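**Student:** Prediction below, plus the sequence it came from.
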Amino acid sequence: MNPASPALSGHFYAVGVGPGAPDLLTLRAARIIESADLVIVPRARGADRSLALETIRPFLRDQQLLCVSYPMQRNDQATRARWQELAAQVTDHCRQGRAVVQATLGDPLIFATSSYLMQGLTEQLPRERIHVVPGISAFQTGASRFGVPLTLQEDRLTLMSATDMELVAGALDHCETLVLYKAGGMISALRKLLKERGLLGSARLVSCIEQGNGELLIDNLETWQPVPLSYMSTLIVHVGRQGWRPGNGNEKLRDDSA
């Protein structure tokens, strides 16, 4: 994709729009949204607004808007059926020669509804007509606000859902930085686990980052008094540092960087 190109007729674009602030869209994302014919914005069922729509509003002119609701439930069959239905609609628009965008908070490939839609589209549109424009994720934005590196040298970074404590406990044993999405509903269990591991003071919490008055940043979970959290809460746990491991060819890297 040429970064200077507008959205092409008959093509679909899954566009990451960042965590919620319009000035965190990439130039490419803004250009594709501004030149699209149809812009789809997701909205959780029962919600009264679409955060993705609010984020891209400065880039809307006369594009057609389609706000779609989706099920927030752990029902894989119902979720895929809903997005297959939308994939059929998107395919019809593309076959009519329209440029279609779905705007997604964060990045389209990280815990994003766009992934469901693209799976449906791959069965109906040529692969070369389906595009992904990456976006800045909440964990990247959160780390930037705390100013603490996510990785150095040979550190391992793991990103996962916080919904299974057994898996979270296992991940702590195999990485230097653990990023946990969907931490809001699991915060009590997470605090208990991190306290047992002596990591409570090494964990930082971000919730609704870059989303105005709802934003919450906690850099010390030891002294924090828990409050109800949004679904869009992320925990960044610094487990340790790996450093350079001997025997991996790193001696040359160190010499070259000296």
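**Tutor:** Structure received. Numbers count the residues shown, from 1 in each chain.
**Student:** Determine the longest helix present in this structure.
**Tutor:** helix 76-95 (DSSP state H).
**Student:** tell me which residues in that helix are buried?
**Tutor:** 79, 82-84, 86-87, 90-91, 93-94 (16 or more other CB atoms under 10 Å). All C-beta spots, glycine's among them, are computed from the backbone N, C-alpha and C.
**Student:** Pick the one among these closest to residue 222.
**Tutor:** Taking CB to CB as the measure, residue 222 lies nearest residue 79 of those, at 37.4 Å.
**Student:** thinking that closest one is in contact with residue 86, fair?
**Tutor:** No: Residue 79 is beyond contact range of residue 86, at 11.2 Å (criterion: CB atoms under 8 Å).
**Student:** Distance-wise, check residue 240 relative to residue 193.
**Tutor:** Going from residue 240 to residue 193 by CB to CB, to the nearest Å gives 16 Å.
**Student:** quick one, which of the two is more surrounded?
**Tutor:** Comparing residue 240 with residue 193 by neighbour count (other CB atoms under 10 Å), the higher total belongs to residue 193, at 19 against 12.
**Student:** so who does residue 21 touch?
**Tutor:** Going by CB atoms under 8 Å, 6 or more residues apart in numbering, residue 21 touches 55, 210.
**Student:** pLDDT value on it, please?
**Tutor:** Residue 21 is assigned a pLDDT of 96 by the prediction.
**Student:** From residue 230, how far out is it?
**Tutor:** 16 Å.
**Student:** Check residue 217 too.
**Tutor:** Residue 217 sits 13 Å away from residue 230, going by CB to CB.
**Student:** list the residues that contact both of these two?
**Tutor:** Common neighbours of residue 217 and residue 230 (CB under 8 Å, 6+ apart) are residue 207.
**Student:** which residues in the stretch 151-258 of the chain form helices?
**Tutor:** Applying DSSP state H, counting those that start in this stretch to the stretch 151-258 of the chain gives helices spanning 165-172, 187-196, 250-257.
**Student:** Mind listing what's buried along the longest one?
**Tutor:** Okay, so that is helix 187-196. Counting neighbours by 16+ other CB under 10 Å, one finds that the buried residues in helix 187-196 are 187, 190-191, 193-194.
**Student:** And stretch 147-165, by the same measure?
**Tutor:** 150, 155, 158-160, 162.
**Student:** how far does that stretch stretch from start to finish?
**Tutor:** Terminal residues of stretch 147-165 lie 27 Å apart, using CA to CA, to the nearest Å.
**Student:** now swap in stretch 167-176 and tell me
**Tutor:** End-to-end span of stretch 167-176 (CA to CA): 16 Å.
**Student:** tell me the average confidence for it?
**Tutor:** The average pLDDT within stretch 167-176 is 98.
**Student:** starting at the chain centroid, how far to that stretch?
**Tutor:** Distance, stretch centre to chain centre, for stretch 167-176: 21 Å (CA atoms, centre = their mean, to the nearest Å).
**Student:** can you check stretch 50-64 too?
**Tutor:** Centre-to-centre, stretch 50-64 and its host chain are 18 Å apart (CA atoms, centre = their mean).
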